[in-house]
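Peer 1: just coords:
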């Protein structure tokens with residue numbers, strides 16, 4: 001049975017209720033936290049599939065909550081919510097391990113699209129996995145276990161987020177193909193979700209730091225100038 005729990009973290013009750021009402025209507029099980037400390041406690045007890053984190057919180061910040069959740073559970077989906085729209089704030093959130101971000105004020109439909117997109121990556125059903133016709137994909141030193149959503153290099157498991165796993169899966173399936181940032185974004189976040197393509201670059205940087213022997217001279221994920229990236 002798939003996990004449909006979503007943790008909503010915001011110190012403003014009206015915003016939490018606004019998000020909760022929309023998610024409850026879609027059939028998700030929602031949990032609420034008004035502070036970073038409360039968010040960590042609820043996360044440890046309930047292990048939600050997705051966390052929606054406001055950046056500005058009393059006590060520890062959303063950035064720190066993101067880091068703590070990510071360190072405990074690489075496969076939990078994380079959406080950062082912020083009134084800030086500066087690129088540096090978005091990039092910092094992604095660097096801390098977030099899968100996506102949304103800027104206040106936002107349309108509830110836009111949030112639902114992002115939640116659905118992330119849920120697909122976090123919580124794919126066994127039926128979808130069986131359509132792959134095999135339980136794993138191998139390429140060189142790498143193995144992607146489709147059923148368990150785990151990733152290995154030289155038989156050692158590497159912690160990757162749901163978003164990173166999806167990007168890697170699409171790369172391996174399209175080995176040698178120069179994929180544009182727009183292609184990678186649509187294949188990962190879905191056709192209906194629009195994001196700045198910087199989100200692709202940040203995720204590639206995170207993946208390289210995990211899988212490359214020397215991220216400054218990548219052996220596996222090649223930059224194709226003017227286009228995007230290629231899996232070598």
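Peer 2: Arrived safely, thanks for sending. Bear in mind the structure is a predicted one, so any value in this text is a computation, not a measurement.
Peer 1: C-alpha only now, for contacts and for neighbours.
Peer 2: Noted.
Peer 1: show me where the chain has strands.
Peer 2: Using DSSP state E, the strands of the chain run over 5-9, 29-33, 50-54, 77-82, 100-103, 136-139, 142-145, 150-153, 156-158, 178-180, 221-224, 228-231.
Peer 1: per-residue pLDDT of residue 120, please?
Peer 2: Here, the pLDDT recorded for residue 120 equals 83.
Peer 1: check the one 10 residues further on too.
Peer 2: The predicted local confidence for residue 130 comes out at a pLDDT of 40.
Peer 1: what of residue 63?
Peer 2: 93.
Peer 1: what's the spacing between it and residue 168?
Peer 2: 25 Å (CA to CA, to the nearest Å).
Peer 1: which one of those two is surrounded by more residues?
Peer 2: residue 63 (23 against 20; other CA atoms under 10 Å).
Peer 1: check contacts around the more buried one.
Peer 2: Applying CA atoms under 8 Å, 6 or more residues apart in numbering to residue 63 gives the contacts 55, 92-93, 96.
Peer 1: swap the cut-off to 10 Å and go again
Peer 2: By CA atoms under 10 Å, 6 or more residues apart in numbering, the residues touching residue 63 are 36, 53-57, 80, 89, 92-98.
Peer 1: for residue 122, which of the strands of the chain is the nearest?
Peer 2: For residue 122, the closest of the strands of the chain is strand 77-82, at 6.3 Å, according to CA to CA.
Peer 1: quick one: list the elements packing against that closest one.
Peer 2: Counting contacts by 3 or more CA pairs under 10 Å, 6 or more residues apart in numbering; DSSP states H and E, strand 77-82 packs against strand 5-9, strand 50-54, helix 62-72, helix 87-95, strand 100-103, helix 108-122, helix 162-173.
Peer 1: got those as CSV, with distance to residue 212 columns?
Peer 2: Converted to CSV, the helices and strands packed on strand 77-82 look like this (distance: least, CA to CA, whole Å):
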stretch, distance to residue 212
strand 5-9, 33
strand 50-54, 28
helix 62-72, 20
helix 87-95, 17
strand 100-103, 23
helix 108-122, 23
helix 162-173, 13
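Peer 1: of the ones you listed, which stretch is the most buried?
Peer 2: Neighbour counts (mean count of other CA atoms under 10 Å) averaged over each of these peak at strand 50-54, with a mean of 27.
Peer 1: partner strands of that one, with direction?
Peer 2: strand 5-9 (parallel), strand 77-82 (parallel) (DSSP bridges).
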